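A.B. asks: Please find the sequence and the predicted model below.
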Amino acid sequence: MIQVGINGYGTIGKRVADAVRAQPDMEVVGVAKTRPNFEAEQAVENEYPLYAAVEERVDQFAEAGIELAGEVEELVAASDIVVDTTPSGIGEQNKPMYEAHDTPALYQGGEDADLVDVSFNARANYGEAEEADHTRVVSCNTTGLSRLLAPLREEYGVEKVRATLVRRGGDPAQSSRGPINDTLPDPVTIPSHHGPDVNTIFPDLDIDTLGMKVPATLTHTHSVNVELAGDATTDEVRELLAGESRLFVLPGRLGIDGSGKLKEFALDAGRPRGDVWENAIWGESITVEGDDLYLFQAIHQESDVVPENVDAIRAVLGEADARESIERTNEALGVGFEV
Ligand code: NAD
């Protein structure tokens, strides 16, 4: 069994912990938290050994009546691999700790690409992470674009990608984020940083991205134009995308007209936390005009990177090839909607 430590038990960390626990070949050694808040209490409730991430705050856990299994250094020492799911920039501060214990680490999309040996997406470049000490599972948006572009590149070749990313202002629990009532070009300069981030996965890809922020919390929405190198029809592309296990081509008959109904659908389907691990692509939007493919997709920012973190664990440790790992992860989690 692969022993996995999770440092940072917030939006991504708690989901990764549950996903790791669901795998037949992995165990959660423990999770590390900075503060004794509701998530810390929930971690204990879920029977995850809880480690203090900050030495000076150990007493706060005792005062809150929360029993600790130890401090984060002990968690790192006991783990075959650590998934760092701390806020942007903290992973960089933690890197020397992982190096001191010779424990390979996965970081998240908030960290700079320069921090790591390899940026990772399971569908696109799984094999490149083998034996890497420091691996970055790319952001929710980059994950969503990489999953979409990998099969298109393989099947038709891609001349150019132009994508507008309409981004949620914050996650549902991020009461400090916004905008509340505005529509922001963000960044106002073009291209946005997202295109270069996709280039950490596909270095030779010609891609321009534009970013916006809107008062929404449920998902990001991408408006995508891909100029294909080879001939394709709308039906062929729809079939290609529908055959990908982490792309969910939404049938029009479901009447899912936006992120609200998509989340409701996921909750009704019994998904934990209403998570949508797949890119949700509106089937009716898939259109080929000449060389140009157009579509809309929703990206559930809180959860699409979760199966990717699970696969990255196996990729780094050389425990399975891409196909085996993706299948194992999908099966253990229940990726893919029956419609
Ligand atoms: P979060 O704030 O929800 O969770 C981070 C957790 O880490 C919190 O519980 C926080 O208390 C804890 N923490 C803070 N400092 C710590 C430290 N020194 N040691 C251990 N724990 C510490 O953040 P998140 O949304 O889960 O984001 C984590 C990473 O994932 C970031 O790099 C982010 O960019 C990336 N990411 C976030 C999303 C998203 O939409 N939420 C999507 C994809 C990737």
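C.D. replies: It's in. Residues are numbered from 1 along each chain as shown.

A.B. asks: can we go C-alpha only for contacts and neighbour counts from here?
C.D. replies: Will do.

A.B. asks: Which positions in the stretch 101-250 of the chain make contact with the ligand?
C.D. replies: Q108, G109, G110, E111, S139, C140 (CA under 6 Å from any ligand atom).

A.B. asks: Tell me the one of these nearest the ligand?
C.D. replies: G110 (3.3 Å; CA to the nearest ligand atom).

A.B. asks: which ones are touching that closest one?
C.D. replies: P87, S88, G89, S139 (CA atoms under 8 Å, 6 or more residues apart in numbering).

A.B. asks: repeat for A150
C.D. replies: R123, A124.

A.B. asks: Show me which residues of whichever helix or strand it is part of are buried.
C.D. replies: Secondary structure assigned from DSSP states H and E places A150 in helix 140-155. Of all the residues in helix 140-155, those buried under the rule 16 or more other CA atoms under 10 Å are 140-153, 155.

A.B. asks: Tell me the one of these nearest the ligand?
C.D. replies: Using CA to the nearest ligand atom, C140 is the member of those that sits closest to the ligand, with 4.3 Å.

A.B. asks: what residue ranges in the stretch 1-150 of the chain score low on pLDDT?
C.D. replies: Applying pLDDT under 70 to the stretch 1-150 of the chain flags no residue at all.

A.B. asks: about what we covered before: and the two most separated of the residues of the stretch 101-250 of the chain next to the ligand?
C.D. replies: By the measure CA to CA, E111 and C140 form the most distant pair in these, at 12.6 Å.

A.B. asks: quick one, helices of the stretch 201-339 of the chain?
C.D. replies: Counting by DSSP state H, counting those that start in this stretch, the stretch 201-339 of the chain has helices at residues 234-242, 259-268, 306-317, 322-333.

A.B. asks: Export only the CA atoms of the third one, formatted as CSV.
C.D. replies: Provided in CSV are the C-alpha atoms of helix 306-317 (Å, rounded to 0.1, in the frame of the first residue of the first chain):
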residue,chain,number,x,y,z
VAL,A,306,-8.6,15.5,-7.6
PRO,A,307,-8.4,12.4,-9.8
GLU,A,308,-5.2,13.9,-11.3
ASN,A,309,-3.6,14.1,-7.9
VAL,A,310,-4.4,10.4,-7.4
ASP,A,311,-2.8,9.5,-10.8
ALA,A,312,0.2,11.7,-10.1
ILE,A,313,0.9,9.6,-7.0
ARG,A,314,1.2,6.4,-9.0
ALA,A,315,3.1,8.2,-11.8
VAL,A,316,5.8,9.5,-9.5
LEU,A,317,6.2,6.2,-7.7
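
A.B. asks: which other helices and strands contact it?
C.D. replies: If contacts are counted by 3 or more CA pairs under 8 Å, 6 or more residues apart in numbering; DSSP states H and E, helix 306-317 sits against helix 11-21, strand 105-107, helix 122-125, strand 134-137, helix 322-333.

A.B. asks: now swap in the last one and tell me
C.D. replies: Contacts defined by 3+ CA pairs under 8 Å, 6+ apart place helix 322-333 against helix 122-125, helix 306-317.

A.B. asks: Which segments of the chain make up each domain?
C.D. replies: 2-138+305-333, 140-299 (automatic domain parsing).

A.B. asks: ok, back up a step: what's the most buried one of the helices and strands packed on helix 322-333?
C.D. replies: helix 306-317 (a mean of 25; mean count of other CA atoms under 10 Å).

A.B. asks: and it with helix 11-21, angle?
C.D. replies: 60 degrees (axes from the mean of the first three to the mean of the last three CA atoms, to 10 degrees).
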